[in-house]
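Mind looking at a prediction? Sequence and model below.
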Amino acid sequence: MAPGQRRRRLVGLALLVLALAAATVASIAIGSKEIALDGVWHALTAPTGLEDDVVIRELRVPRTLIGIAVGIALGVGGALMQGHTRNPLADPGILGVTHGASFAVVLAIFTLGITSLSSYVWFAFLGAFAASAVVFLLGSSGRAGPTPVTLALAGAAVSALMHGLVSALVLLDRQSLDAFRFWQVGAVSGRDLGVLQQVLPFLVVGLLLALANAPGVNALALGEDVARALGQRVARTRVVGIAAITLLVGGAVAACGPIGFLGLVVPHAARAVTGPDYRWLLPCSGLLGAALLLVADVLGRVVARPAELEVGIMMAVFGAPFFIALVRRKKLVKL
């Protein structure tokens, strides 16, 4: 690696760390209820049980920590998904993870009457895992094994099936519709640290697998034949990558519901700093994903005061124009 390129990547990584730190401070200090900075500091260091202390410690700090974890997971999952499919328009939901989680949540509401958010987490994660397993089995059924094309086609088919089943269930039962629509919008508000504790082990394992998978994705970017010539076990690399994506995206969707566009937008922005090397792209995508999600959440609290707009809505506002611009480009980035 050239010294100048390494220096640029290190500077970019440092700037992203600073951006995430600034977004974290803003997420704790800014909200629909105005609290002075000295009140925020007092709540963090010497709480006395006042209303402002409760808002900071019981509401804003948990949602900030959940936002960081989910943003990192979706950013890394999106970059890994684009690398494995070699598709610049791919997002983590291409494996059916999002729709699988949605179907499991609706099924739990419809059949078991579950309305607790902490219970949604487990059903959503199981649904995400089951959907990605089905997609991988379908995409691996041919002689060539799992390829970007077969995985994308299998993911589209499974996602369409899950979407149809979700629509059928919510039309049959009003309670399922009412409960599901609050989860489906995608939000970090209303979640406590118990939700984060439930999904954090899966996110940590997913991150470790993703980092271990980075060299393999770099080899796959050269083509599968070249990767095999370099001694890379393509099938194993795909399995590890899909397992990492499932754990990261499944955990994120289970905790906060589906948050669109983040996994699509972030890798492209990070790639402008790091280039195509996934050993740098994955950490930068994680940091940028967390910072962007927190900024979107803060803006959602400010633009609709005294009410709030959920982060899933804000990410759609940010991400849709970027997606349109990306599609309209004459030459998409080749991955």
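That came in fine, so what should we check first?

got a list of what the residue lying closest to residue 125 once chain neighbours are set aside touches?
Spatial nearest neighbour of residue 125, excluding adjacent residues (CB to CB, 6 or more residues apart in numbering): residue 254 at 4.2 Å. All C-beta spots, glycine's among them, are computed from the backbone N, C-alpha and C. Residue 254 is in contact with 101, 120, 121, 122, 124, 125, 128, 198, 199, counting by CB atoms under 8 Å, 6 or more residues apart in numbering.

Need the nearest residue in space to the second one, chain neighbours excluded.
Here the nearest residue to residue 120 in space, its sequence neighbours aside, is residue 105; by CB to CB, 6+ apart that works out to 5.4 Å.

residues near residue 292, how many?
Counted with other CB atoms under 10 Å, the neighbours of residue 292 add up to 27.

Could you check how far the residue nearest to residue 120 is from residue 182?
Applying CB to CB, to the nearest Å, the value for residue 105 to residue 182 is 11 Å.

When those two are compared, which one has more neighbours?
residue 105 (27 against 13).

My guess is that one contacts residue 125. True?
No - assessed by CB atoms under 8 Å, residue 105 is found out of contact with residue 125, at 10.2 Å.

still on that earlier bit, weed out the non-buried ones from the contacts of residue 254.
101, 120, 121, 124, 125, 128, 198, 199 (16 or more other CB atoms under 10 Å).

Looking at those, spot the one nearest residue 163.
For the buried ones among the contacts of residue 254, the residue nearest residue 163 by CB to CB is residue 101; the value is 12.0 Å.

As a check, name the ranges of all helices in the stretch 201-335 of the chain.
Shown for the stretch 201-335 of the chain, the helices assigned by DSSP state H, counting those that start in this stretch span residues 224-229, 234-256, 262-274, 278-303, 311-328.

Out of the ones you listed, which gets nearest to residue 68?
When those are compared by CB to CB, helix 278-303 sits nearest residue 68, at 4.6 Å.

Which ones among the buried ones among the contacts of residue 254 lie within strands?
Assigned to strands by DSSP state E, none of these qualify.

What count of nearby residues applies to the residue lying closest to residue 43 once chain neighbours are set aside?
Once flanking residues are discounted, residue 43 sits nearest to residue 56: 3.7 Å by CB to CB, 6+ apart. Counted by other CB under 10 Å, the residues lying close to residue 56 total 24.

separation between residue 56 and residue 46?
Counting by CB to CB, the gap from residue 56 to residue 46 is 12 Å.

Then residue 314?
Applying CB to CB to residue 314 and residue 46 gives a distance of 33 Å.

who has more neighbours, those two?
In this view residue 314 and residue 46 are compared by other CB under 10 Å, and residue 314 has more residues nearby, 25 against 8.

State the pLDDT value of the residue nearest to the more buried one when sequence neighbours are not counted.
Leaving aside its sequence neighbours, residue 314 sits nearest to residue 296 (CB to CB, 6+ apart; 4.0 Å). Note for residue 296: predicted pLDDT of 92.

Might one say that residue 296 is in contact with residue 319?
No - the pair residue 296 and residue 319 does not pass the contact test of CB under 8 Å, sitting 9.3 Å apart.

Which residue of those two possesses the greater neighbour count?
Under the neighbour definition other CB under 10 Å, residue 296 and residue 319 were set side by side, and residue 296 has more, 27 against 22.

mind listing what the more buried one touches?
Applying CB under 8 Å, 6+ apart to residue 296 gives the contacts 311, 314, 315, 318.

ok, now with 6 Å
Contact partners of residue 296, counting by CB atoms under 6 Å, 6 or more residues apart in numbering, are 311, 314, 315.

still on that earlier bit, just the buried residues of the host helix or strand of the residue nearest to residue 120, please?
If you go by DSSP states H and E, residue 105 is part of helix 97-112. Residues of helix 97-112 classed as buried: 97-110 (neighbour count, 16+ other CB under 10 Å).

and it with helix 234-256, angle?
Between helix 97-112 and helix 234-256, the angle comes out at 50 degrees (axes from the mean of the first three to the mean of the last three CA atoms, to 10 degrees).
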